[in-house]
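Peer 1: sequence first, then the predicted structure, then my questions.
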Amino acid sequence: MSEQIMPDTKDWTLVLNETCNECGIDVRALSTAQVAALVREASGRFAEVLGSPGAGTRPSPMVWSAHEYVAHVAQMYRVMTERLALIVEKDAPLFANWDQDAAAVANDYASIPALEVARMLEEASLAFAGALEALTDAQLPRMGTRSNGAVFTTATLAQYAWHDAAHHLHHDLGVARN
């Protein structure tokens, strides 16, 4: 679908300091190992969404379809894996800007076949979980900065990414929590 949704301008870094008021998820106490386990567990739940009737249909022209949300989560995991690698490899890196809404249009999420989206999600979630599991205690406080000035440690980057995925899974896609 070529119609772009209304860009999300909310500063979602607030979930690093408080419970999300939209979905009720609190990521602040999660370790990187816990996030890795949650990412691995959720991968199959996202894939199931792709097979549901109407997964490729937007509920309204300005809201992503379930298919587009899953494609977004796959790409988000890739971006977060890249950012995690930068934090580990460089001192205080500045992350390139990633506009999720522009990425959805540029990559035409809606036109990617569901099996390809499922493969992308599986690969990206495994890579992100594996990168989190490979972190040493000494790497946990390392920091990187997003293009808007938000500072992340490896631990808060993991929490932030998990909130993004879990928020979409439960709040936007309606998948019940375990």
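Peer 2: Sure thing, it's come through.
Peer 1: which other helices and strands does the lowest-mean-pLDDT helix or strand in the chain contact?
Peer 2: Every helix and strand of the chain was ranked by mean pLDDT, DSSP states H and E. The lowest is helix 100-106, at a mean of 91. On a contact count with 3 or more C-beta pairs under 8 Å, 6 or more residues apart in numbering; DSSP states H and E, helix 100-106 meets helix 66-89. Where C-beta positions appear, they are placed from N, C-alpha and C, glycine not excepted.
Peer 1: now the phi/psi pair for the nearest residue to residue 26 once chain neighbours are set aside, please.
Peer 2: Leaving out its chain neighbours, the residue that sits closest to residue 26 by C-beta to C-beta, 6 or more residues apart in numbering is residue 19, at 4.2 Å. Main-chain dihedrals, residue 19, degrees, to the nearest 10: phi -70, psi 140.
Peer 1: quick one: residue 19 and residue 25 touch, right?
Peer 2: Yes: checked against C-beta atoms under 8 Å, the pair residue 19 and residue 25 is within contact range at 7.0 Å.
Peer 1: quick check: neighbours shared by these two?
Peer 2: Overlap of the contact sets of residue 19 and residue 25 (by C-beta atoms under 8 Å, 6 or more residues apart in numbering) is empty.
Peer 1: which one's more surrounded, the two?
Peer 2: residue 25 (19 against 14; other C-beta atoms under 10 Å).
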